[in-house]
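Peer 1: Provided below are the primary sequence and the corresponding predicted coordinates.
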Amino acid sequence: MVIMGLLGQVGPNDSPLWYAVILSSGGFLLSWAAVRWMNSKNLFLRL
């Protein structure tokens, strides 16, 4: 439900589920790549 709620803001309202899966996967891969890049530069995110 959260993914479909966010999908309405960035995608068409009648988009299929695979569209939401692709957008979610893209966001995950982008954040994963950013964390990997920061780790290679010895920049660590700490809470």
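Peer 2: Done, it's in. Residues are numbered from 1 along each chain as shown.
Peer 1: Beyond the helix or strand bottoming out on mean pLDDT in the chain, next helix or strand please.
Peer 2: Of all the helices and strands that make up the chain, helix 2-10 has the lowest average by mean pLDDT, DSSP states H and E, namely a mean of 62. Next in sequence after helix 2-10, counting helices and strands by DSSP states H and E, comes helix 17-40.
Peer 1: Which neighbouring elements make contact with that next one?
Peer 2: If contacts are counted by 3 or more C-beta pairs under 8 Å, 6 or more residues apart in numbering; DSSP states H and E, helix 17-40 sits against helix 2-10. The way it works is simple: take the backbone N, C-alpha and C, and place the C-beta from them, glycine included.
Peer 1: The residue nearest to the spatial centre of the chain and residue 35, how far apart?
Peer 2: The centroid of the chain falls nearest to residue 27 when counting by C-alpha atoms, centre = their mean (1.7 Å). Distance check for residue 27 against residue 35: by C-beta to C-beta, to the nearest Å, it reads 13 Å.
Peer 1: any shared contact partners between these two?
Peer 2: Counting by C-beta atoms under 8 Å, 6 or more residues apart in numbering, residue 27 and residue 35 have no contacts in common.
Peer 1: Can you report phi and psi for the residue lying farthest from the centre of the chain?
Peer 2: Within the chain, residue 42 marks the point farthest from the mean C-alpha position, 23.0 Å out by C-alpha atoms, centre = their mean. Residue 42 adopts backbone torsions of phi 60, psi 40, taken as degrees, to the nearest 10.
Peer 1: Number the residues from 57 up from this point.
Peer 2: Understood, numbering begins at 57; the last thing we discussed is residue 98.
Peer 1: If I look at it, what pLDDT would I see?
Peer 2: Model confidence at residue 98, given as pLDDT, is 93.
Peer 1: Return the residues in contact with it.
Peer 2: No contacts exist for residue 98 under C-beta under 8 Å, 6+ apart.
Peer 1: Please determine how far residue 74 is located from residue 81.
Peer 2: Using C-beta to C-beta, we find residue 74 at a distance of 10 Å from residue 81.
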